[in-house]
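Asker: here is the input, now give the coordinates:
(2 chains)
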Amino acid sequence: MDKIPILRMGSFLLVTIQVDLYDRLALDLEADLVQMVNKTGSKGVLIDISAVSIVDSFMGRIIGNIASMSKILDAETVVVGMQPAVAITLIELGLPLKGVHTALDVEKGMNLLKSMIGDDHGDEDETDDDDTFAE
Amino acid sequence: MSFNTLKLLQKQKKNILEIWMKNQLSDDGLREDLISNEDLRGQSEELISALVTNLAGDDLVDFDADRWDPVIEILGGIAITRARQGFSPRETGRFVHSLKDALLEVLQREIEDSKQLFEESMKINKVMDNLSIVTFETFIKGREEVILRQTDEIAEISTPVIRVWDGILALPIIGTLDSSRTQIVMENLLQEIVETGSSIAILDISGVPAVDSLVAQHLIKTVSATRLMGAECIISGIRPEIAQTVVHLGIDLSNIITKASLASALSYAFKVLRLEVRKSSSIAKPNL
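Answerer: Take a look at the predicted model:
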C-alpha cells in the first residue's frame, strides 16, 4: 500500500506529495502527520503539492484539517507549490484555506516557516538583523 | 417559369451579365478599393450561371428545394466575403438588386405579350427577393462572426501581465470585469506567478468603470487564488466613486490589501520585499 513519507528536518516536518491523492491516502496522511507532529514536537509543517494536479473538495478539506490540527498542536502549516489550476479549483469550490500559509516554492516556504518560528523564539535576533540592514 | 423564358434567359446569359456589370459599375456605391472589377465580374458570372441553370421547374417559390443549394452556397460565399471585407449592407444589397434590374430589363426587351411579361416578372421578383433574404442572412452572420472574433481578441490582449520588478507583477485591468474575463485574468496571472516566481501581484483596477457586487466577488476570488499559490495580491487604483459603491454595497474588502494608486502599491511591495529606492548623491549617466 502507498504511503506518503514524512521527513523530519530540524524542527520542521517536510511532506512532498508525489502521487495523486486518493481519499484513503489523504486520510492516512492526516493521521500520520498529526502523530508525527506530536511525537517530534515539530514547530512547522511544510507540504509540497507541486506535483498534485487534481483536487476535489475532500482534498481541500483534508489540507485545511491538517492545518487546524497542527495549529492546535502548536505547529504552523505551509502549503507550497500549488498549481494555478488547483488554486482556481479550490476557490471555485469555496475553499480559500483560511488558516493555511502558502508559498511559491519549498525554499520560500522554508524561509516563511523560519521567520514565523523565529517570531516566537528568536524575536530579538530577527529585529537586530533588520536594524543592521536598515542602517 | 415557362420553358421559353428559361431558354431565353439561358440564351441571354451573356447579355444579362453585361447589363448587370454595367449597372454595378455605374453605381455610386461601387467599391473599387475593396474589390477589383475582374473579381466582381467573376463573382457575377458564377452567380448568374448557377441561377440560370436552376430556374427550371414550377416550384420557384419553394426555396427549401435542394436544387437551390448551389445558388445559395455561391451567394452565401459572396455575402460572407463582403462582410469580412467591410462592405456596407447597402452595397451588398445593391449587388443583388442590380441583378434583378438586369433580369427584368432583359425580360422586358424579349417578351412582347404584356400578360406573360407580368407573370414572368413576378416570378423573377419572388426568386430575387428570396435571394436577397439569403444574402442578408449570411451577410449579418458574417458580420457577427467578425464581431465575435474581435471580442475574443480583445479579451485575449486586454489582460497583459507586466513584470514591473524582480518578484513583482502588475496587471492593469481595462474595461468591465465579467465572469469569463475574470477567469482569463486569473489564469494569466497565476500562470505568470508560477513562471516568474513572483511573490507579489498588483491588480490595478483604475480602468474598471464600475464595481458591483459581482465584480467585487471576482476580485476577491482572484486575490484568494493568488494567496493559495503563495503570493500576495494588492488591489490598487481604487477611485473614490468605487470606494463609495463598495462600502454602500456592503462588500467587505478589509482582508485585502488595497492601495489608492499603482505607485503606492509598488512602494508597499518594495517594503515587503525589503527593497529601497533612493536618490543617488552623484549624477550617474544612464547606460543607453
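Asker: does chain A sit close to the strand or helix carrying residue B:214?
Answerer: Per DSSP states H and E, residue B:214 falls inside helix B:213-229. Yes - contact of helix B:213-229 with chain A (C-beta under 8 Å from any C-beta of the partner chain) involves B:221, B:224, B:225, B:226, B:227, B:228, B:229. Heads up, the C-betas are built off the backbone N, CA and C, glycines and all.
Asker: which residues does the helix or strand where residue B:235 lies contact?
Answerer: Using DSSP H and E, the element containing residue B:235 is strand B:232-236. Residues outside strand B:232-236 that contact it (C-beta atoms under 8 Å, 6 or more residues apart in numbering or on different chains) are B:199-206, B:219, B:222-223, B:226-227, B:253, B:256-262, B:264-265, B:268-269, B:272.
Asker: and stretch B:176-192, by the same measure?
Answerer: With C-beta under 8 Å, 6+ apart as the test, stretch B:176-192 has contacts from A:84, A:87-88, B:155-156, B:158-159, B:161, B:163, B:169, B:171, B:173, B:175, B:198, B:201, B:203, B:208-210, B:214-215, B:218-219, B:221-222, B:225-226, B:229.
Asker: give the buried residues for it.
Answerer: Neighbour-count burial for stretch B:176-192 flags B:177, B:181, B:182, B:183, B:185, B:186, B:188, B:189, B:190, B:192 (criterion: 16 or more other C-beta atoms under 10 Å in any protein chain shown).
Asker: how far off centre is stretch B:11-30?
Answerer: 32 Å (C-alpha atoms, centre = their mean, to the nearest Å).
Asker: what does the least confident helix or strand in chain B by mean pLDDT rub up against?
Answerer: One helix or strand of chain B scores below all others by mean pLDDT, DSSP states H and E: helix B:3-11, with a mean of 73. When contacts are defined by C-beta under 8 Å, 6+ apart, helix B:3-11 is touched by residues B:16, B:52, B:53, B:55, B:56, B:103, B:106, B:107, B:110, B:111, B:120.
Asker: tell me the SS of the residue with the shortest distance to the centre of chain A?
Answerer: The centre of chain A sits closest to residue A:78, judged by C-alpha atoms, centre = their mean, with a distance of 2.9 Å. Put simply, residue A:78 is strand when judged by DSSP: H, G, I helix; E, B strand; the rest coil.
Asker: try residue B:99
Answerer: Classified using three-state DSSP, residue B:99 is helix.
Asker: was I right about it contacting residue B:129?
Answerer: No - using C-beta atoms under 8 Å, residue B:99 is not in contact with residue B:129, being 11.9 Å away.
Asker: quick one, phi/psi of the residue of chain B at minimum distance from chain A?
Answerer: As assessed by C-beta to the nearest C-beta, chain A sits closest to residue B:190 within chain B, at 3.4 Å. According to degrees, to the nearest 10, the main-chain angles of residue B:190 amount to phi -60, psi -40.
Asker: any idea how far residue B:186 is from the residue nearest to it when sequence neighbours are not counted?
Answerer: Distances taken as C-beta to C-beta, 6 or more residues apart in numbering or on different chains place residue A:84 nearest to residue B:190, at 3.4 Å, with adjacent residues excluded. Per C-beta to C-beta, to the nearest Å, residue A:84 is found 8 Å from residue B:186.
Asker: now for these two: what residues contact both?
Answerer: Common neighbours of residue A:84 and residue B:186, using C-beta under 8 Å, 6+ apart, are residue B:225.
Asker: the residue in chain A positioned nearest to chain B: neighbouring residues, count only.
Answerer: Across chain A, the shortest distance to chain B (C-beta to the nearest C-beta) belongs to residue A:84, at 3.4 Å. For residue A:84, the count of nearby residues is 21 (other C-beta atoms under 10 Å in any protein chain shown).
Asker: which bits of chain B sit near chain A?
Answerer: Looking at chain A, the residues of chain B close enough under C-beta under 8 Å from any C-beta are B:183, B:186-187, B:190-191, B:193-194, B:197-199, B:221, B:224-231, B:274.
Asker: report pLDDT for residue A:120.
Answerer: pLDDT for residue A:120: 57.
Asker: show me where chain A dips below the pLDDT cut-off.
Answerer: Within chain A, the ranges that satisfy pLDDT under 70 run A:1, A:119-135.
Asker: tell me what angle the longest helix anywhere in it forms with strand A:76-80.
Answerer: Using DSSP state H, we find that the single longest helix of chain A is helix A:23-40. On the basis of axes from the mean of the first three to the mean of the last three C-alpha atoms, to 10 degrees, helix A:23-40 is oriented at 140 degrees to strand A:76-80.
Asker: who's in contact with helix A:23-40?
Answerer: A:2-4, A:6, A:8, A:13, A:15, A:17, A:19, A:21, A:42, A:45, A:58-59, A:62, A:65-66, A:69-70, A:73, A:75.
Asker: re the thing from before, which residues are contacting the helix or strand following the least confident helix or strand of chain B?
Answerer: The element immediately downstream of helix B:3-11 (helix or strand, assigned by DSSP H and E) is helix B:13-26. Helix B:13-26 has contacts (C-beta under 8 Å, 6+ apart) with B:9, B:30, B:37, B:40-41, B:44-45, B:48-49, B:52, B:94-95, B:98-99, B:101-103, B:105-106.
Asker: for PyMOL, write a command that selects the buried ones of those.
Answerer: Buried subset of these, written as a PyMOL selection, criterion 16+ other C-beta under 10 Å:
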select buried, chain B and resi 9+40+44+48+49+52+94+95+98+99+102+103+106
